[in-house]
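# I would like to see how this sequence folds:
(3 chains)
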Amino acid sequence: MDRNKLCNSSQDAEVRKGPWTMEEDMILINYIANHGEGVWNTLAKSAGLKRTGKSCRLRWLNYLRPDVRRGNITAEEELLIVELHAKWGNRWSKIAKHLPGRTDNEIKNYWRTRIQKHIKQAENLQGQTSEVNDQASSSQASGMAEPMDVYSPPLYQRTMEPIQIPLPTPESNETYWSMEDIWSMQLFNGD
DNA sequence: AACACGTCCAACCGCAGTTAC
DNA sequence: GGTAACTGCGGTTGGACGTGT
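This next block holds a predicted model:
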């Protein structure tokens, strides 16, 4: 890396935060389409975005990348997430590598909001039933009983719903555009 | 109809590891 | 070898949206 150039990057006055606008998305997409991913901080500057390199990277990886899959996590993916989480714990990026098109952020959110909830429910259920025979099993429980051990797939039937990809509705999104919108525009532009 | 509450997800923050000087 | 800057990762937060009362 060229540190002489990089040293100046922290001196930029204003840095935008918060939700990305369609304009910013288009700038980032077009810039990466033309120049590749490269060094994020210099990319942000060169593209004329008032964002940090970090922010650009996150936006690109989690949302703008063409191979990012939108839509519900399938039952198969869910099972895989559960398996891999049992294996590796909260190594979301590692888990994400085994789920093509899914981002670590998406998997992390999914885990926190849905699976963890179901696990708690399952634990509660088990807690109730185990109260009956807790004396017998208490010696066994210490040192193990990871939450994953009580995971039960039938609880997650909600994700069996078909994936629904919303159609672009430009009139309803004045400022913030879905990935489908952006990429349909990309195709339109021929990039 | 209005409010309260819960859920979901995009984005930010801080830390650790890596790399270039 | 030390230092500074960058990248990548995991945790957390804030706001939008949906649902129940």
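
# what ranges does chain A have for its helices?
In chain A, the helices defined using DSSP state H lie at A:3-6, A:22-35, A:40-46, A:53-59, A:75-88, A:92-97, A:104-110, A:116-132, A:134-141, A:179-189.

# close to DNA strand B: what parts of chain A are there?
Proximity of chain A to DNA strand B is confined to A:1-3, A:16-20, A:51, A:54-55, A:58-59, A:62-63, A:105-106, A:108-110, A:113-114, A:117 under the rule CB under 7 Å from any atom of the strand. Any C-beta I mention is one placed from the backbone N, CA and C, and that applies to glycine too.

# weed out the non-buried ones from those.
If you count burial by 16 or more other CB atoms under 10 Å, the buried members of the residues of chain A next to DNA strand B come out as A:20, A:51, A:55, A:58-59, A:63, A:106, A:110, A:114.

# do I have it right that residue A:115 meets residue A:79?
No. Taking CB atoms under 8 Å as the definition, residue A:115 is not a contact partner of residue A:79, at 10.6 Å.

# neighbour count winner among the two?
Set residue A:115 next to residue A:79 and count neighbours by other CB atoms under 10 Å: residue A:115 wins out with 22 against 15.

# domain assignment for chain A?
By the assignment in automatic domain parsing, chain A contains the domains A:14-68+A:177-189, A:75-131+A:144-160.

# lowest average pLDDT across these?
For the domains of chain A, mean pLDDT drops lowest on domain A:75-131+A:144-160, to a mean of 69.

# among the buried ones among the residues of chain A next to DNA strand B, which two are most distant?
Every pair in those was compared (CB to CB); the two farthest apart turn out to be A:51 and A:114, at 30.1 Å.

# tell me, how many neighbours does the spatially closest residue to residue A:101 that is not a sequence neighbour end up with?
Counting by CB to CB, 6 or more residues apart in numbering, the nearest residue to residue A:101 once its immediate chain neighbours are dropped is residue A:69, at 3.3 Å. By the criterion of other CB under 10 Å, residue A:69 has 18 neighbours.

# residue A:69 reaches residue A:107, doesn't it?
No. Because the distance of 11.5 Å does not satisfy CB under 8 Å, residue A:69 is recorded as not touching residue A:107.

# residue contacts, residue A:99?
Residue A:99 makes contact with A:77, A:80-81, A:107 under the criterion CB atoms under 8 Å, 6 or more residues apart in numbering.

# how close does it sit to DNA strand C?
Look at residue A:99 and DNA strand C: by CB to the nearest atom of the strand, to the nearest Å, they are 13 Å apart.
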